[in-house]
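*Asks:* Provide a 3D model corresponding to the input given below.
(chains A and B)
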Amino acid sequence: MKLVRMKPGHGDVLLAEGDPAVSEDEERLIAEFRRQLDLGMWAAVPTAEGTRREATMVRDFAEVPRDADRVVFFPPAAGG
Amino acid sequence: MTFLIATSVVVLAVLAFVGFGPSVAQRARRIVPRREPREEIPAYDPGRERRAESRARELLRSVVSAEEYAMYVELGFIALDGGEGDGGYGYLLYPHRPIVAFDVHNGELLNEYCVGFPDRSEPSVSQRLPDADDVLAKWMSLRAGERELISMANMHVPGRQLDPGQVARDLIRLREWRARRVGAAA
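*Replies:* Sure thing, here's the model as predicted:
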C-alpha cells in the first residue's frame, strides 16, 4: 500500500509505503495516515470495478480496505 | 565658569550612557516588536510547474477511467455524471474553475459551484495544486461524496465566473469528441 499526497509545485509525493499485513509497516502507515489527517488533509481510496472508477473518502486507517493499492491525500475543499 | 558647566554636563552624559545605556537599550528592544521574517514564496518556475503537472497527470491517469483521462488531455476538462448516473444531470470539471452542473438531455447550464483545494499546510509555499491534481480532487470528492462537496461549495447561477457561451461550446465539443471515439471504436 502506498500513501501519496498531492502537493503544490510537485504533483504527488510518496509519503509511505508498506504491507499493512506486516505490523511494522502497518504502524508506519498508520502514523503517516494520522499525521496527514492532523494536517487537515482529506484521504481518498481510489477503486476500480471493471471500467468504472470510484473513490471512497476515509477518516480512519481502519476504514482503508486491506487490499487497497493507494490512499491519496489532498487539501480539503473550500468554497471559492 | 561656563567651561566648568559644560565639562560637568559632558561627564554626566558619559556616566549616564555607561550606567543606564544597556538597560535602556534592552527595554527599547522589548517595547519595539521584532519584525517577523517574511515568508519567502518561491518564484514562479514554469519548468517546475510543468513537471508537477506531468506527475499530476500520471496520478490522474491511474485513478480515473481511460475515457476520462483522454477527455482531460484532449478537451481540458472531465465530464462526470451526477448522482448515480441516472439523475439527468452532469458536471464539468475544469482545473481551478468552478464545477458546472448541466442538464445531460438538453445541455442547459444549471449552476456553478465554486470550490477550491488550497493547500494551507505550508503557508510559505504556493497553495495552488497542479491543474490535473485540482481536477482529480474534484473528481474524487464528487465520486465519494457528491452531496458533501456541493453543500460546501458556493453556488451561483451560470455565468458568474465562466462564460456560458464557452461552456456551451465545450458541451458541443464533448458530444463530437464522444461521437468520434464511438466511431473509431466501431
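*Asks:* okay, CA-based contacts and neighbour counts for the rest of this
*Replies:* OK.
*Asks:* which ones are touching B:Trp177?
*Replies:* Residues near B:Trp177 by C-alpha atoms under 8 Å, 6 or more residues apart in numbering or on different chains: none.
*Asks:* So for the helix or strand it falls within, what gets flagged as buried?
*Replies:* Element membership of B:Trp177 [criterion: DSSP states H and E] is helix B:164-185. Neighbour counts over helix B:164-185 (16 or more other C-alpha atoms under 10 Å in any protein chain shown) mark B:167, B:170-171, B:174 as buried.
*Asks:* How about the least confident helix or strand in chain A by mean pLDDT and chain B, any contact?
*Replies:* Across the helices and strands of chain A, the lowest-confidence element by mean pLDDT, DSSP states H and E is strand A:78-79, at a mean of 90. Yes - counting by C-alpha under 8 Å from any C-alpha of the partner chain, chain B has neighbours in strand A:78-79: A:78-79.
*Asks:* Can you name the residues in contact with that strand?
*Replies:* Residues contacting strand A:78-79 (C-alpha under 8 Å, 6+ apart): B:114-118, B:152-154.
*Asks:* same thing but 10 Å
*Replies:* Contact partners of strand A:78-79, identified using C-alpha atoms under 10 Å, 6 or more residues apart in numbering or on different chains, comprise B:98, B:113-118, B:149-155.
*Asks:* Over to stretch B:150-157?
*Replies:* Stretch B:150-157 is contacted from outside by A:77-80, B:98-101, B:109-116, B:141-142, using C-alpha under 10 Å, 6+ apart.
*Asks:* Name all residues that make contact with the closest residue to B:Leu129 other than its chain neighbours.
*Replies:* In space, and not counting its chain neighbours, B:Leu129 is closest to A:Pro8: 4.3 Å by C-alpha to C-alpha, 6 or more residues apart in numbering or on different chains. With contact taken as C-alpha under 10 Å, 6+ apart, A:Pro8 is in contact with B:49, B:52-53, B:56, B:118-119, B:122, B:125-131, B:133-134.
*Asks:* next one: B:Leu136
*Replies:* Contacts of B:Leu136 by C-alpha under 10 Å, 6+ apart are A:6, A:74, B:56-57, B:59-61, B:63-64, B:78, B:93, B:95, B:130, B:142.
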